[in-house]
Structures are given as structure tokens and as C-alpha cells.
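Chemist: sequence first, predicted model second:
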Amino acid sequence: MNVNTARIRSRGGLSAVVCCCLLAAALVMAGGCVQRRMTVRSNPPGALVYVDDYQIGTTPVSTDFIYYGTRKIRLVKDGYETLTVRQPFPIPWYEIFPLDFVTENLWPWEIRDERVVDLAMTTTVSIPPESVVARAEQARLAAGSLPAPPPVPVIRQPVVAQPIPAPPPQPLPPPGGGLVLPPPSPSPMQGLQAPRQNAPSQGIPGL
């Protein structure tokens, strides 16, 4: 083997290594990804759709989503009852760790995850005024036929006994003994005076 042959072989091996590296880089850069998309359809169509309180359009409508889990979907349409549901979007097997790294970065093809949600709406039931009045009358009669509420219990306050005042002290007897008489009470006639007779005054005889 001469020197030229060895150079050619070394160059060929280097080229193969470079090609493998470029191919691996191309696969990484052009790796596939997962395309997630939900489609909401209603019966009847034409309902306004809110996903997690964000308006996305009228049915049938499609939108992309990133995260799995439970989504709040609300449908609004004139003449129909507003419909609100909690729609679960379970995670697929290829999005479970660590497989999600391969499908998101190294898988050479695109993976499409399509979710379709079909919802049926009900018409709004209009209640005639006569029926409303009849229901109110029945409620009033039912309220009048109810038994009277039990009386409110009266809480009696405890009676506190008042202390009896002590009698006034009695006067002590004199040292020599004898009876001690109470002081005389004033006579009712003490404040009255006898009528004065008419005395002669200034020369006028008395009668």
C-alpha cells in the first residue's frame, strides 16, 4: 500500500464521519413534533364557543392547544340554554416522560393529535305568565299552611335576695336602774293655737 492509497482511505473515513455528523444534526434540526388540535362541534351548529373563558369562534371550530388536561368549554346560542362542560383531554402514551423527548425532538415525522368534541344543546323553555302566577299562588298558600313557629323561650333573671337592714340600736339604761321611756312623740294638737278673742283695738268694742 502506497502513501496515496492511505491518504485516500483516510479522507474517505473522514468524509463518512462528517456525513454521519451532518445527518444526525439534520435529524435533530428537522425532528418531528406533535401537533395538537381540538375541534368543537355542536347540535345545532353556529354556537359561540369559549375555551377556558377565551372566545375561539362559532361551531364547528378548530384550534390548537399545547397542554393536556381538563378544559372548560362553554357554548352560547340565542334560543338555547347555555351549555358548560368540563372536557378532559387525557395525555397519550407517546407524551409520557421520557418518550416525549423523543417524539418532540428526535422523531423524524410529525405526529398529529386530533381531538373532537361533540355537544348537543337544548332549546330554551318559555314559561307562560299564567303558570308563573299559579306557582306563586301555590307557594303563598303553602307558606300560610305551615305551623306556627315555636315561642321564643323567656330567660328569667335570677332573683338576688336583698339584705335585711339591722334594727336601730336601743338606748342603754341609766346606771341607777329604772325604766327607760321612749321620748314623747309630738302631739297632733301641738301645732295648733287657740283662737284669740277679739280684743278692743282702737276704740272698737269687742263682740
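Modeler: Perfect, thanks for sending it.

Chemist: going by C-alpha atoms from here, please, whenever you check contacts or count neighbours.
Modeler: OK.

Chemist: list the residue ranges of this structure that fall below the pLDDT cut-off.
Modeler: For the chain, the stretches flagged by pLDDT under 70 are 1-32, 145-149, 152, 154, 159, 161, 170-207.

Chemist: quick check: bridge partners of residue 117?
Modeler: The partner list for residue 117 in beta bridges (DSSP bridges) reads residue 40.

Chemist: that one and residue 75: what is the separation?
Modeler: Using CA to CA, to the nearest Å, residue 117 is found at 12 Å from residue 75.

Chemist: the more surrounded of those two?
Modeler: Using other CA atoms under 10 Å, the more surrounded residue of residue 117 and residue 75 is residue 75, with 25 against 12.

Chemist: what residues are up against that one?
Modeler: 47, 48, 49, 50, 82, 83, 84 (CA atoms under 8 Å, 6 or more residues apart in numbering).

Chemist: swap in residue 100?
Modeler: residue 94.

Chemist: oh, and call the first residue 7 from now on, that's how I've got it
Modeler: Noted, 7 is the first residue going forward, which turns the last one into residue 106.

Chemist: against residue 114, how distant is it?
Modeler: Remark: distance between residue 106 and residue 114 (CA to CA) = 13 Å.

Chemist: now residue 54
Modeler: On the measure of CA to CA, residue 54 and residue 114 end up 38 Å apart.

Chemist: and residue 109, that one's in a helix?
Modeler: Yes - looking at residue 109 with DSSP: H, G, I helix; E, B strand; the rest coil, it is inside a helix.

Chemist: residues near the closest residue in space to it that isn't next to it in sequence, how many?
Modeler: Using CA to CA, 6 or more residues apart in numbering and skipping the chain neighbours, the partner closest in space to residue 109 is residue 39 (6.2 Å). Look at residue 39: counted by other CA under 10 Å, it has 19 neighbours.

Chemist: same check on the one 5 residues further on?
Modeler: For residue 44, the tally of surrounding residues (other CA under 10 Å) stands at 16.

Chemist: quick check: it is in a helix.
Modeler: No - under three-state DSSP, residue 44 sits outside any helix and is assigned strand.

Chemist: contacting residues around it?
Modeler: Residue 44 makes contact with 68, 69, 70, 71, 120, 121, 122, 123 under the criterion CA under 8 Å, 6+ apart.
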